[in-house]
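pasted the sequence and its predicted model underneath.
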Amino acid sequence: MLLHIPTLMLALLLGFLLLTLALGVSQQGVRARPEIRRWTLGCWALLGGFAMLAARVVLPLELSVVLGNALVCLGLALYAQALYLLLCGHTGPRALMQVQPGIWLALLLMLDWPLNQRTAVLSLVYCALLLPSVLVIGRHGWRAERSLRVVATTMALSVAAHLVRAVHALLHPDDYGTLMQASLGQGLTFLVAFICLLGAGFGFVLAVFERVASQMEEMATRDGLTGCWNRSTTDALLAHELQRGHRAGTSVAFVLLDLDHFKQVNDRHGHRTGDAVLRAFADAVRRRLRASDVFGRTGGEEFGLVLPDTEVAGARWLVEAVRREVEALALTDERGQPVKVTVSAGVAVADARSRLSGDRLYGQADQSLYEAKRAGRNRVEVYGITAGASAALPLT
């Protein structure tokens, strides 16, 4: 069985054209993300390369060989840069582009070589340009978007096909009289090597859209400044934990934390310092939390904690530890002036029999927070315990 190379070339041209058009449409949908732009450029380069290789019937052989293969090499380098942009935020090793002039020079020097030798060398060059893409996904993207696993797998298959093509070209030089010669070995390795790249392209588009969807979900549920859950998500998680606590027969504690005199921090030190204080506060709180605890920002300088399976004593012990951690923060503003931060907290606990709603528990915590503010701030108050008496509760 023989494979008709011109037909394969036409099929690849059409495939990459469709992928390029699809990328052009997706580019508008994701506001021209840089990794999409870079992959699109790679598709155009590959498309141009295949067109130049196919046009050797009407173009001088030297022009077709040099421009066609050079554009394919450029496209593979752009693919690698797109993956680095997606996974690492930069374009990857500079060598990807620095070797391109050398590839052009090598192509000029190989013009007089037999086609099988030139094919073997170029196949190895293609492998070298594909390997960074496979490696960066293996290191940084395998546990990220699932579609990236498809990209890595298809690119690894392309590397394998190019290696087989290089060996086949050296062992069967008669199959490489011309590029358009009908040959099973030449045609099959050529088809597999580049059809895998086509599949990688569609996988890359899916991976980018997975990333966009994940970021949009993050924006919808997280506070952008502190990384905490936002108010609506915190309320939903509180309601969920209350239901779970009722089924399991365990208590759920809810805590409201409010930074003391935060308006004065903004007025005296500026809003940028205020933002830095909020981030530092959030980090300090996280250091004291368990993996099961929920930490949300419920308002400007007000935060909420949902503590599953936690009694009054345990909740107060944790919140008191948070209060001391925040009080010990050594913060400065942009001028190096110290910024003192303290926090007041109100604690409310729902046992399994109380069947309190989230709103009711929130109201109890808010009332306790008010008592903490009224009693002098920088303290923890527990709902249902007289102000001052809660401070006498044991911390162990």
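On my side now, so go ahead. Residues are numbered from 1 along each chain as shown.

D351 is in contact with A248, correct?
No - between A248 and D351 there is no contact under CB atoms under 8 Å: 11.7 Å. (C-beta placed from N, C-alpha, C; glycine too.)

of those two, who's got more company?
Applying other CB atoms under 10 Å to A248 and D351 shows that D351 carries more neighbours, namely 15 against 12.

the stretch 101-250 of the chain: strands as residue ranges?
Counting by DSSP state E, counting those that start in this stretch, the stretch 101-250 of the chain has no strands to list.

can you map out the helices along it?
Assigned by DSSP state H, counting those that start in this stretch, the helices in the stretch 101-250 of the chain fall at 115-136, 147-171, 184-221, 231-248.

of those, which is nearest R272?
Taking CB to CB as the criterion, R272 comes closest to helix 184-221 out of the helices of the stretch 101-250 of the chain, the separation being 21.8 Å.

buried ones in that closest one?
Residues 185-209, 211-212 are the ones in helix 184-221 that count as buried (16 or more other CB atoms under 10 Å).

what about the closest residue to A321 other than its chain neighbours, how many neighbours?
Using CB to CB, 6 or more residues apart in numbering and skipping residues adjacent in sequence, the residue nearest A321 is R288, 5.2 Å away. By other CB under 10 Å, the residues close to R288 number 18.

now this structure, which segments are flagged as low pLDDT?
1-9, 25-32, 179-185, 386-396 (pLDDT under 70).

try it again at 50.
For the chain, applying pLDDT under 50 flags the ranges 1, 388-396.

let me have the helices of the stretch 101-250 of the chain in a markdown table, extended by distance to T310.
Output for the helices of the stretch 101-250 of the chain, formatted as a markdown table (distance: least, CB to CB, whole Å):
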| stretch | distance to T310 |
| --- | --- |
| helix 115-136 | 43 |
| helix 147-171 | 39 |
| helix 184-221 | 23 |
| helix 231-248 | 9 |
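
can you say which of these is nearest to L86?
Nearest to L86, of all the helices of the stretch 101-250 of the chain, is helix 184-221, at 6.7 Å by CB to CB.

tell me how far E320 lies from G224.
29 Å (CB to CB, to the nearest Å).

of those two, who's got more company?
E320 (18 against 10).

one step back: give the contact list for the residue nearest to A321.
R288 is in contact with L318, A321, V322, E325, counting by CB atoms under 8 Å, 6 or more residues apart in numbering.

thinking the first one is in contact with V306, fair?
No - the pair formed by L318 and V306 falls short of the contact definition of CB under 8 Å, at 11.9 Å.

how is the protein carved up into domains?
5-220, 231-392 (automatic domain parsing).

which secondary structure elements does the one helix or strand A313 maps to contact?
Assigned by DSSP states H and E, A313 belongs to helix 312-327. For helix 312-327, the packing partners by 3 or more CB pairs under 8 Å, 6 or more residues apart in numbering; DSSP states H and E come out as strand 252-259, helix 271-286, strand 302-308, strand 343-350, strand 380-382.

and the first one, how far from the chain's centre?
From the chain centre to the centre of strand 252-259 is a distance of 31 Å (CA atoms, centre = their mean, to the nearest Å).

given that strand, what are its sheet partners and their directions?
Strand pairing for strand 252-259, using DSSP bridges, gives strand 302-308 (antiparallel), strand 343-350 (antiparallel).

what does the last one give?
Paired neighbours of strand 380-382 in the sheet (DSSP bridges): strand 343-350 (parallel).

I'd like the next helix or strand past the partner strand.
helix 358-374.

run through the neighbouring helices and strands of that next one.
Counting contacts by 3+ CB pairs under 8 Å, 6+ apart, helix 358-374 is packed against helix 231-248, strand 252-259, strand 343-350, strand 380-382.
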